[in-house]
Structure formats: C-alpha cells, structure tokens
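Undergrad: Build me a structure from this.
(one chain, ligands or ions: 1)
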Amino acid sequence: MPGRDREFAATPQTVKRHWAILRNGHRSAAQPKARREGVRRSPFVVRQVGILGCGSHLPERLLTNVELERMVETSDDWIVARTGMKERHLAAAGEATSDLATAAGRRALANAGLAPEDVDLVVVATTTPDHYCSPSTAAIVQHKLGLTRAGAFDVNAACTSFVTALSAAHAMVAAGTVRNALVIGAEKLSTVVDYTDRETCVLFGDGAGAFVLGTDAAQGELLDHLLGADGSGAELIQVPAGGSASPARADTVTASRHFIQLRGRQVFRFAVAKMAEVVEELLVRHGASLDDLDLLIPHQANLRIIEAAAERLRLPMERVFVNVERTGNTSAASVPLALDEAMQTGRLKKGALVCLVAFGGGLTWGGSLLRW
Ligand code: ACO
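TA: Have a look, this model is predicted:
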C-alpha cells in the first residue's frame, strides 16, 4: 500500500529526526506544560542501571524435616543428603503472595532510601499469584505499598521469573522510560504443594526478595542478562490443571492436579548443565573468566544441584552463596532472597563481580551479571 510505504519510509529527514530524539528525547509542543505539571520527559538514552537497595521477607512459620517425618514417609537424613534442606518457611493461611512481596518491597525501598512516590514501576515475579487471572499481584502490591506513580505487571518464567523480571526492568530503566523500578520475587508455593507427596513436599518453601533499580550505578551495577527457554520440556515441572488447558473442575481437584509435579532426576541433569553454561556464557560476553567471578548466587533448588554445577565450572564452593538449608526452594523468590542475605552478611564486597543464575519450569533458564 503506497500510503503505508510512505508512512514508514526512512527518509534522510526521518533518520535525522530519530537520531535527534535518541540524543535529546522527545520535544513536543505539550512538553513545557507537562514539565510544569511534573511529568517527566521521555528521553530514550541508554543509562547505567544499579541496584539501589534490597530487601527480603520470610514468613514466621518454620516447617522442619522432623515435622515432615511425621507427615510423610521420609527422614531428616534422606532430605539433608538428597537436597541439603533442613527447614523452610511457610506463609500463614490468610497471607497471600502479595503480602510477602509487600514486606520485601517495603524493606528494599527503605534500604534504597526511596519514598513510594519515587517508584515508576513495580514488577512481581511469581508462579503463585494472588489470583490466576486478574488482578496481577503487582497491582495489589502497588496499592499496598502506596506506589501512586507506578505501573505494575507480573512476570512468570517459573523459577527463572526473577532474573527475567530483572532483565525487563533493567531495559526500561536503561531506556529512561522508568526512573526507579521495584522488582520483587515472591512465592507462596505451599498453596501448590501436596503435603501427602513425599517427592515434592520436602522441597519447597515460601518467601520474597526485592531489588530497587535506578540510574545510580554506584552499587550493584547491572551489566548483562541472558535468558533461554525450551518448551519441549514443559512436562518436567508442571501444575497440570487450573489454567486454560485444563480448567479447575471438581474432578481435577479430586485427582490432585492443582499441585506441583516434577520429574526430579531429569530436572537435576538439565539444571546442572544449564547453570554452568549460563555462567560461562555471561562471563565470556564480558571478557571475564571464572577467576574473575567473586560470587555466584544460584537458584536455591537443591544443594546437590548447586554443588554439581560449581564442580562442572571448577568454582570453589567458597565463592558460591547457599542458603537452601534454611529456605528450601522458593522459586522466583530464591535469587533475590539469597542476594539480600549475602548483602546483609557481608558476602558482597564493593567492586565484586557477581553472577545470578536460575533454571526452572518451562523449561527456562537465565542469568544476570553485576558489579557490586
Ligand atoms: N524421602 C524418602 N525417599 C524419597 C523421598 C523422600 N522425601 N522422595 C523420594 N524418595 C525416594 C523415591 O521414592 C525413590 O525411591 P525408589 O528409588 O525406590 O524409586 C528415590 O527416593 C528417589 O531417588 P532419586 O530419584 O535418585 O533421588 P534424587 O537423588 O534424584 O533426589 C530430588 C530427588 C531431590 C527430587 C532431586 O532429583 C532433585 O532435586 N531434582 C530437581 C528438583 C526439581 O525439579 N526442583 C524444581 C526445579 S524448578 C523449581 O525450582 C520450581
């Protein structure tokens, strides 16, 4: 269509105008008025992005291995030997994912020294949203935290959700469309765990962790992200019913099809290989080697998976952060929970090169590289 061709043709004038926008941002007749009213310009200029603050929250209730011994046919010895887990936290009955996310988000904002109105975007990474259709958990958190200027959306890439959300929010802050973003990983996995199934109920816990991103890159400068997926492995980790493929009905509930099912051994092999691959690729992309890596913060799915990945990388465990013994697998919350604990316990030194890495249902995988 001639009209359409004309509209999108890149003439020397349009190219010049686009470069001017990239350099200076949009200038329109409406802008002076918008500025008077406190609306920011939207300059599409790539900026450095840093982590301005972190926070986390674990619910009070502890579920220990000893308690699990009373619930299913298992033993503390088996759980510790096969997973490294000793206890995990469970949210209370009336506590939703948004409550855990709000608590972590509030701490992250305080740590960053930001007020709620400084936040332009809240992203909640979760596989256990408050509601499966609408509203998003992020919208609920926006209200609970009083983020009056923030847009809100959820991200679900299973246990890779947090690094996926971090990558998306980083791009938006870097482009200047958002000033400060609150990125939260939060899960109430206890709602999708079958506590009569010993193969899964020992593995999971509830919790939340959060980062505040902004353009002050003095601390935790985000350098790069890498994401991947292979949907041919969708059945390895899944909650079979409850979505559009198999809507909730009385028979799906009776058949326990709303709980997590996983093929542990296959996931184990995939996870070890993929985590090592992601870390290596991110380092290569930055002209760095494993000797330069100060701290690896992996998804806390299983101590043996983490140890096997570290061994494959020939990375000593002293340079790998682990808290799985106290948290269990908290899916989207695990990486930000671990980073917050690493920060609070002094494991993150100024200038350290840090890699976050995760894998999960989908199958999905991803990592982030940052300079603390
Ligand atoms: N207590 C005692 N025995 C158990 C338990 C338990 N809680 N659970 C399973 N077993 C038994 C099984 O019945 C099986 O018995 P069998 O050999 O007689 O059939 C045996 O232990 C299982 O042995 P393995 O499969 O060799 O156990 P493995 O060492 O692989 O450990 C585990 C199992 C922990 C599940 C491991 O494979 C794993 O961590 N896999 C990845 C877990 C995973 O997918 N996590 C989710 C990632 S995605 C996300 O994070 C949401």
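Undergrad: So, low pLDDT: which residues of the protein?
TA: Filtered on pLDDT under 70, the chain yields the residue ranges 1-45.
Undergrad: Quickly list the domain ranges of it.
TA: Annotated domains of the chain cover 50-218, 223-371 [automatic domain parsing].
Undergrad: Can you tell me which of those is most buried?
TA: Of the domains of the chain, the one with the most neighbours on average (mean count of other Cβ atoms under 10 Å) is domain 50-218, at a mean of 21. (Each C-beta comes from the backbone N, C-alpha and C, glycine too.)
Undergrad: List, one by one, the residues from the stretch 101-250 of the chain near the ligand.
TA: Counting by Cβ under 6 Å from any ligand atom, the residues of the stretch 101-250 of the chain lying close to the ligand are 158, 159, 198, 199, 202, 203, 237.
Undergrad: if I pick the first one, what's in contact with it?
TA: Contact criterion Cβ atoms under 8 Å, 6 or more residues apart in numbering gives 127, 237, 331, 332, 360, 361, 362, 364 as the residues in contact with residue 158.
Undergrad: now do 6 Å
TA: By Cβ atoms under 6 Å, 6 or more residues apart in numbering, the contact set of residue 158 is 127, 360, 361, 362, 364.
Undergrad: So which of these belong to strands?
TA: The strands, defined by DSSP state E, take in 360, 364 from those.
Undergrad: out of the contacts of residue 158, which one sits closest to the ligand?
TA: Within the contacts of residue 158, the smallest distance to the ligand is 4.1 Å, found for residue 360 (Cβ to the nearest ligand atom).
Undergrad: Between which two of the residues of the stretch 101-250 of the chain next to the ligand is the distance greatest?
TA: 158 and 198 (21.9 Å; Cβ to Cβ).
Undergrad: who's in contact with the helix or strand hosting residue 369?
TA: For residue 369, the host element (DSSP states H and E) is strand 364-371. Contacts with strand 364-371, where a contact means Cβ under 6 Å, 6+ apart, come from 157-158, 160, 163-164, 166, 220-229, 274, 278, 282, 353-359.
Undergrad: export that strand as PDB, just CAs?
TA: C-alpha atoms of strand 364-371 as PDB (Å, rounded to 0.1, in the frame of the first residue of the first chain):
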ATOM      1  CA  THR A 364      13.500 -21.900  31.300                       C
ATOM      2  CA  TRP A 365      16.900 -20.600  32.300                       C
ATOM      3  CA  GLY A 366      18.700 -17.300  32.800                       C
ATOM      4  CA  GLY A 367      21.400 -15.300  34.500                       C
ATOM      5  CA  SER A 368      22.500 -11.800  35.300                       C
ATOM      6  CA  LEU A 369      25.900 -10.300  35.800                       C
ATOM      7  CA  LEU A 370      26.500  -7.400  38.000                       C
ATOM      8  CA  ARG A 371      29.400  -5.400  39.600                       C
END
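Undergrad: strand partners of it, parallel vs antiparallel please.
TA: Note on strand 364-371: by DSSP bridges, its sheet partners are strand 221-229 (antiparallel), strand 353-360 (antiparallel).
Undergrad: does any bit of the last one sit next to the ligand?
TA: So that's strand 353-360. Yes. Strand 353-360 is in contact with the ligand by Cβ under 6 Å from any ligand atom, via residue 360.
Undergrad: center of the protein, which residue is that?
TA: What sits nearest the mean C-alpha location of the chain, by Cα atoms, centre = their mean, is residue 162, with 0.9 Å.
Undergrad: give me the element the spatially closest residue to that one that is not a sequence neighbour is part of.
TA: With sequence-adjacent residues excluded and distances taken as Cβ to Cβ, 6 or more residues apart in numbering, residue 162 is closest to residue 185, at 3.7 Å. Using DSSP H and E, residue 185 sits in strand 181-187.
Undergrad: okay, that strand in CSV with CA atoms only?
TA: Taking C-alpha atoms only, strand 181-187 is exported to CSV below (Å, rounded to 0.1, in the frame of the first residue of the first chain):
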residue,chain,number,x,y,z
ALA,A,181,11.7,0.2,39.4
LEU,A,182,10.9,-2.2,42.3
VAL,A,183,11.4,-5.8,41.2
ILE,A,184,10.1,-8.4,43.6
GLY,A,185,10.3,-12.2,43.5
ALA,A,186,7.6,-13.7,45.8
GLU,A,187,6.1,-17.1,46.2
